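In: Quick check, what structure comes out for this input:
(chains A and B)
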Amino acid sequence: MNAAAETDIRSAKVSFAPPNRAADAAFRFLTWLMAMMVVALVGLVGWKLFQGSRLSIQKFGLGFFVHSNWDPVNGDFGAAPFIFGTFVSSLLGLLMAMPLSLGTAIFLTELSPSWLRQPAITLIEMLAAVPSVILGLWGIFVMVPWLRDHPYHWLNSALGFLPLFQGPVYGVGILSAAVIIAIMIIPIITSISREVFRTVPQSQREAAFALGATRWEVTRLAVLRHSVRGIFGAGMLGLGRALGETMAVTMVIGNRPEISKSLFAPGYTLASAIANEFAEAASDLHSSALFELGLALLLVTIATNILAHLLIGAVGAPTRGQ
Amino acid sequence: MTAETTPESNRRWRETKSALVSAACWVCALIVMTPLALVLFHLLRLGASSLDWTFFTQLPKPVGETGGGMANAIVGSFVLVGLAAAIGVPIGVLGGIYLAEYGSGRVNFMVRFAADILNGTPSIVWGIVVYALVVIPMKGASAYAGGLALGFMMIPLIIRTTEEMLTLVPQSHREAALALGIPRWKFIVHIALKTARKGILTGVLLAAARVAGETAPLLFTTPGNHFWSRSLSEPIASLPVQIYVNAIGPYDEWHRQAWAGALVLLFMALAVNVGARLITGRNNPPAIH
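Out: Just a heads-up that it's a prediction; the model follows:
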């Protein structure tokens, strides 16, 4: 009787044990596998690019990045014009975007009347949602002709003594690409800066006000000084986006592999060279050189992004809850 | 400081400076809004006049003929995004579950880091990687290749929003489930995912809207098709590629069609963005950077 009760309890105990450990383990393994696929995908991207560019790496070595001749017909390839075009257009775009984004972020966190804040934020987020090809279309048919006839014309005649603003004004060129890039990266820089500003404790602002500071002094002393790292991070993230921007830039930069002093001159970027030439690569070496441009582009964007995340303090960090 | 500086004039100067900077910030915000307003204005002006019923129902006409539409490109875009979601959603959601529910320390750091790298990978790079990965072995461009490229781009977006949304599920739910002896996987599937489903759905929608507008990954993987595709192993037309091809082409009629296509594409992208806000019922859906 007693023994029977004991076995009963024991068998009951068995059924109380966590059921389906196998199902749990299987589910856990499945999610682990998918998470690992993300890691594997990074390796796959790097390996495929490296494999594709092997021919070009063997032939040209490191000289590829400083050599400035790009001649598919004779099989002579150097990436210097693309690296130049990419960095000049992106940095110039960043230079235009930074003050505008910071001003907008200050407006949104410190100045805006509360009824206007949310609509303004929504509008800026919508600008971020405009596909690149649409901005490019608008760029070709609306922005470039306007820039050519008004600001460029004026710059050319007023500041034409500088080499930067000399030469024929086609409309398409490095400067137009920089403007399009600025439009594309303003939303991301604004939204990151805004997040950074919002981490400044309200008490800091109140303390500065209590000391008799004006609105601008509060912003400068309590908000901006606290946010320098984050602002640099936001800029780096914008730069990373700018470097890899393809369609809109391809449509307005003029696509000529030259290094020119003039900002009006057509240029070429790493991404737009791939976009234009990859499908019609003249030889294996040509497509391999294009793969190497892609590899260089990837490495540069990874480096900028890591730097950005280090500055913002979010690399591999858990996502914030809201 | 000059001799005439009094506390009063100093104060007035500081107030003026503050007002000037405030004005400058208002101007910055206005300048930033201007391109969006201009893009919308020109799209409506140039696109709406070319937009009629045939745009949604007909194939592109050969060069020289007017009329025609982008029916195949509109359908193609939906097909590509569907294929992309079939790849990006399972990997992204399950990977996000791992990060939020199982993973710890070093593994999570590695996965998040990898997702950050994938998120920063330029879209044109996805184009050539998938070309090397799929188009060369399959000896031809296909809808599959295009969908795969877009799917790869969705993964990092979805994995981060899924993780973020799951970490919002209260810890007490986990403890309650544990106390009731519910297996972990049942808790995740039936309780955590259900609690977080709105946020995750929003993230998926925003990711889909984002890749739907991508052109660069499709240029070499599925570089357009003038006709209806009969199978997914053929190249398929898509709105962004069709807009690009039309825009850089030399014909006015093509440009007209490009504006119409751009209007449709932008309307869909913005509609999804607004819809996502309505679903979550809050104004700040998970950020997709």
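In: Helices of the chain, start to end?
Out: Just so you know, I chose chain A. A:2-16, A:21-60, A:80-106, A:114-129, A:132-138, A:144-149, A:151-158, A:174-198, A:202-210, A:215-218, A:228-244, A:247-252, A:270-277, A:284-312 (DSSP state H).
In: hm, I was asking about chain B
Out: B:7-42, B:48, B:53-57, B:71-97, B:105-120, B:123-130, B:136-138, B:143-167, B:171-179, B:184-186, B:193-212, B:239-248, B:252-280.
In: Same list (the ones you listed) but as a markdown table, adding mean neighbour count.
Out: (C-beta placed from N, C-alpha, C; glycine too.) Formatted as a markdown table, the helices of chain B follow (neighbours: other Cβ atoms under 10 Å in any protein chain shown):
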| stretch | mean neighbour count |
| --- | --- |
| helix B:7-42 | 15 |
| helix B:48 | 12 |
| helix B:53-57 | 14 |
| helix B:71-97 | 23 |
| helix B:105-120 | 19 |
| helix B:123-130 | 28 |
| helix B:136-138 | 11 |
| helix B:143-167 | 27 |
| helix B:171-179 | 12 |
| helix B:184-186 | 18 |
| helix B:193-212 | 21 |
| helix B:239-248 | 25 |
| helix B:252-280 | 20 |
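In: Those helices: which one's closest to chain A?
Out: Minimum separation from chain A across the helices of chain B (Cβ to the nearest Cβ) falls at helix B:7-42, 2.7 Å.
In: what residues are up against residue 237?
Out: Just so you know, I chose chain A. The contact partners of A:L237, taken as Cβ atoms under 8 Å, 6 or more residues apart in numbering or on different chains, are A:I188, A:I189, A:I192, A:T304, A:N305, A:A308, A:H309, A:I312, B:H289.
In: my bad, chain B
Out: B:M70, B:N72, B:A73, B:G76, B:G224, B:N225, B:H226, B:S229.
In: from the residues you listed, which is closest to B:P170?
Out: B:G76 (42.9 Å; Cβ to Cβ).
In: wouldn't that closest one be in contact with B:F227 here?
Out: No. The pair B:G76 / B:F227 is not scored as a contact, 10.7 Å apart, by Cβ atoms under 8 Å.
In: any idea which residue sits dead centre in chain A?
Out: In chain A, the centroid-proximal residue (Cα atoms, centre = their mean) is A:R241; its distance is 1.4 Å.
In: pLDDT score for the nearest residue to it once chain neighbours are set aside?
Out: In this structure, A:R241 finds its nearest non-sequential neighbour in A:I185, 5.2 Å apart by Cβ to Cβ, 6 or more residues apart in numbering or on different chains. For A:I185, the model assigns a pLDDT of 95.
In: Can you report how many residues lie near A:I185?
Out: 27 (other Cβ atoms under 10 Å in any protein chain shown).
In: likewise A:V73?
Out: Burial of A:V73 is recorded as 8 neighbouring residues (other Cβ under 10 Å).
In: State the distance from it to A:R148.
Out: 31 Å (Cβ to Cβ, to the nearest Å).
In: now swap in B:W254 and tell me
Out: Counting by Cβ to Cβ - B:W254 and A:R148 are separated by 22 Å.
In: which ones are touching A:A289?
Out: By Cβ under 8 Å, 6+ apart, A:A289 lies in contact with A:S53, A:S56, A:F60, A:F64, A:F77, A:A79.
In: Kindly report the same for B:M70.
Out: So B:M70 contacts B:F55, B:F56, B:P60, B:A237, B:L239, B:Q242, B:Q257, B:A260, B:G261, B:V264 (Cβ under 8 Å, 6+ apart).
In: Leaving out chain neighbours, which residue sits closest to A:A242?
Out: A:S90 (3.9 Å).
In: still on that earlier bit, now the contacts of B:A237 in JSON lines, please, with extra columns for pLDDT.
Out: Shown next, in JSON lines, are these (pLDDT from 0 to 100):
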{"residue": "B:M70", "pLDDT": "88"}
{"residue": "B:N72", "pLDDT": "90"}
{"residue": "B:A73", "pLDDT": "93"}
{"residue": "B:G76", "pLDDT": "93"}
{"residue": "B:G224", "pLDDT": "79"}
{"residue": "B:N225", "pLDDT": "80"}
{"residue": "B:H226", "pLDDT": "80"}
{"residue": "B:S229", "pLDDT": "82"}
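In: so can I have CSV of the helices of chain A showing distance to B:L44?
Out: Below are the helices of chain A laid out as CSV (distance: least, Cβ to Cβ, whole Å):
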stretch, distance to B:L44
helix A:2-16, 67
helix A:21-60, 39
helix A:80-106, 24
helix A:114-129, 14
helix A:132-138, 12
helix A:144-149, 18
helix A:151-158, 25
helix A:174-198, 18
helix A:202-210, 41
helix A:215-218, 38
helix A:228-244, 27
helix A:247-252, 20
helix A:270-277, 28
helix A:284-312, 34
